[in-house]
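K.L.:
Based on what follows, work out the 3D shape:
(chains A and B)
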Amino acid sequence: MDILSPQLLYFLETILFATVLSMHLVKKNFVIISLYSLQSFIISILLFSATLREASLLLLGVAVATFFIKVIVAPYFFFRLIKKIRLHFLVSTYLNGPLILIVLALLTTFSHSQYFKPLTILAPGNENALLLTVGMIFISVFLIINRKGALSQMVGVLSLENAIVSFAFLAGLEQAPGPQLGIIFEIALWVVIATVFASMIYQQFGSLNVAAMVELKED
Amino acid sequence: MLITLILITPFVASLLSLFVQKKTGMLHFLAIAASVMELMVGVVIAAEVMRNGSYSLDGLFVVDALGAILVLTLVIVGAMVSWYSTGYLKAEAAKEIIGFHRVRQYFVLLHLFLLAMFFAIMTISPLFMWIAIEATTLSTAFLISFYHKPSALEAAWKYLIINSVGLLLGFLGTLLFLYPAIQAGFRGLSTWQGLLDQAESFDPAIAKIAFIFVMVGYGTKVGLVPMHTWLPDAHSKAPAPISGLLSGMLLNVAFLAILRFKQLADAAVGIYFSQSILIFFGITSIVVAAFFIFGQKNYKRLLAYSSIEHMGIISLGFGFGGTAAFAGLLHMIYHSFAKSLLFLSAGNILLTFSSTKIKKVKGVLSVLPVTAILFMIGFLVITGVPPFGIFITEFSIISVGIQTYPIVTIITLFALTLAFAGFLRHVVGMIFGDSQRRVVKEKAVSIVPIAVLAFILIVSSVFIPQAISTLITAATSAH
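P.N.:
Numbers count the residues shown, from 1 in each chain, chains lettered A, B, ... in the order given. Take a look at the predicted model:
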């Protein structure tokens, strides 16, 4: 039973794309984490729909684990971090607002260029949605590069992972539940480790601004 | 049975280390016992592969010729690093740089790191390989920030973020490579062999995109330029034995992933596409690393840039193909031993001179005579001085390249000369000259593991057993 029509799928992919675009524009940590939660919630919906389609209990386990780790655990860790260090506003970016918009436009254009057109055969009927996820991948990478805040970089990495999961879903490249659970487990570990590192960075540098980390330049 | 044993050993050692209370000697015993067990099992697995062509466990793990070479290298380097670590950490504890908890953390993570590498080499599934390689990132991040200094923390953060992004892009490439098998109706666990069987039906345009993502993704972990920026920081800030393992083995494991995917890409689009990409990353890495080696001020970073250079040479070898691929794999083996030797020697130098700055290290020969000699051997090997093995492998790669890619080869020669001159300049400055320090009595545990690596390098430069040569031929026949 497929509960997601191409129209609904495209709508969900558009929301996913909008969340990653918005991550570039928001100023508050609370908002960027909420956007990540929303993004992860949509990913969970996609995985639940795959569960119904395949009628598989193991896939249901994957969807539940994804929901638990990405929608509950990861945001909880991030909210706890910003509460602990009272970091309510994001630190600055390398590029200014207008330049960010230009780069976002260029990346979206690039993802819809002839270089990635061959990928559309992977998702007949969902070509535009697929190219949106390609754009989402590039824009997530740009978020990691452009933001000076460690927290934003962490959200960027997780958003990139969401973009790839969404791409795999659209292209029908989902894997057996075993590897999927392994990947979810690693994501959970990654969130814990990255949060610990962020706390350590704050203790050492008094800020989560990675631009303040200039110790290595002295070598 | 053997594969189960080699995977369970580091896992159990890690678990037991976690529960050790206040007894550093027990941690050392576990490290040495586990590494001896891994060494013995690894040698037997390699022997089985030599005899039968491959060795497998229940269709979940398989060791082929390429895997056997990496397992063999890993168990040798792993054993020497584990052994050396016991003395190194003891010395650091004596200097009150670290306490018991940190020593325990070190060994718990070291065992997990080894486990992840064994798993990555032997798994039949590209997805599990990805998971294992990502696990190496997670297990080593705290080893890189081990000293909790701001610079170490910065290096670890860079390592974590850049490698995570790289590996996620590699994951996308991996998923794309699964497409032909899924299209053919296969829904189970994808295996390397299964993907190879379907690779010819892979859409060439998608195969090209997939290989580029794989190259960028796993190339980040290999340290190929321009995705290399984390490597000099991470390898220079980690404890010396971990640097040895990172440079000596982890880069090879990530390179293994590239070689596996290269086989799939070659089946889908022919050999020239992957070869040209490998040549591009190879030459870029060699040239950039050579300039950084020449102008380097920190000897651990010098060794890290040298790793980038050598990964470039290996890329070039597989890019040129044929005999050069054979030389490329042999180069990988020599590099593993030589770079581990150099990092472990650098550990002794660091413990005595308390600095990684080249200008602050003078007269190592008079202060640490044995270490200085071993370091010199490592330098001669790594820079490709005859008659050592790396001279032969570089010569072979260049001989093939000059016929097919003369411009690339000439640029490579120039860069290798520059790297040699830079390395020579720094090493001569460190080894010779006067030092105000007194001669240090070098302990067996800080010398013997390095001497074993030097011995292997010297012997293998003049004599490669037929069985190993056959393994390398089998491993490179598809490249």
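K.L.:
Return the distance of the nearest residue to A:Thr93 once chain neighbours are set aside relative to B:Ala338.
P.N.:
Among residues not flanking A:Thr93 along the chain, A:Asn146 sits closest, at 5.0 Å (Cβ to Cβ, 6 or more residues apart in numbering or on different chains). C-beta coordinates here come from the backbone N, C-alpha and C atoms, glycine included. Counting by Cβ to Cβ, to the nearest Å, the gap between A:Asn146 and B:Ala338 amounts to 39 Å.
K.L.:
returning to that earlier point: residues near the residue nearest to A:Thr93, how many?
P.N.:
Neighbourhood size, A:Asn146 [other Cβ atoms under 10 Å in any protein chain shown]: 20.
K.L.:
residue contacts, it?
P.N.:
Neighbouring residues of A:Asn146 by Cβ atoms under 8 Å, 6 or more residues apart in numbering or on different chains: A:24, A:93-95, A:100, A:103.
K.L.:
Sort out for me which of those are in helices.
P.N.:
Mapping the contacts of A:Asn146 onto helices (DSSP state H) picks out A:24, A:100, A:103.
K.L.:
As JSON lines, those with neighbour count and pLDDT would be great.
P.N.:
Below are those laid out as JSON lines (neighbours: other Cβ atoms under 10 Å in any protein chain shown; pLDDT from 0 to 100):
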{"residue": "A:His24", "neighbour count": "22", "pLDDT": "94"}
{"residue": "A:Ile100", "neighbour count": "18", "pLDDT": "94"}
{"residue": "A:Val103", "neighbour count": "17", "pLDDT": "96"}
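K.L.:
Report the entries of these that also contact chain B.
P.N.:
The subset of the ones in helices among the contacts of A:Asn146 within reach of chain B, by Cβ under 8 Å from any Cβ of the partner chain, is empty.
K.L.:
pretty sure B:Ile97 is in a helix, no?
P.N.:
No: secondary structure assignment (DSSP: H, G, I helix; E, B strand; the rest coil) places B:Ile97 in coil, not in a helix.
K.L.:
what about the residue nearest to it when sequence neighbours are not counted, which SS state?
P.N.:
Closest residue to B:Ile97 apart from its sequence neighbours, by Cβ to Cβ, 6+ apart: B:Tyr147 at 7.3 Å. Using three-state DSSP, the three-state assignment for B:Tyr147 comes out as coil.
K.L.:
Now do B:Tyr147: how many residues are near it, please.
P.N.:
Neighbours of B:Tyr147 under the rule other Cβ under 10 Å: 16.
K.L.:
In the stretch 351-479 of chain B, which residue sits nearest chain A?
P.N.:
B:Thr356 (7.9 Å; Cβ to the nearest Cβ).
K.L.:
ok, now which ones touch that residue?
P.N.:
With Cβ under 8 Å, 6+ apart, B:Thr356 has these contacts: A:219, B:236, B:298-301, B:346, B:350.
K.L.:
now stretch B:200-219, how far from the centre of its chain.
P.N.:
A distance of 24 Å separates the C-alpha centroid of stretch B:200-219 from that of its chain, computed with Cα atoms, centre = their mean, to the nearest Å.
K.L.:
The helix or strand of chain B with the lowest mean pLDDT close to chain A?
P.N.:
Across the helices and strands of chain B, mean pLDDT, DSSP states H and E gives its lowest value to helix B:179-183, namely a mean of 83. Yes: on the criterion Cβ under 8 Å from any Cβ, helix B:179-183 is in touch with chain A at B:179, B:182.
K.L.:
Show me the contact partners of that helix.
P.N.:
With contacts defined as Cβ under 8 Å, 6+ apart, helix B:179-183 is touched by A:122, A:171-173, B:190, B:194-195, B:198-199, B:201-203, B:206, B:210, B:268.
K.L.:
Among those, which ones are in helices?
P.N.:
A:171, B:194-195, B:198, B:206, B:210, B:268.
K.L.:
Please identify the residues of the stretch 1-150 of chain B in proximity to chain A?
P.N.:
B:125, B:127-128, B:131, B:134-135, B:138, B:141-142, B:145, B:148-150.
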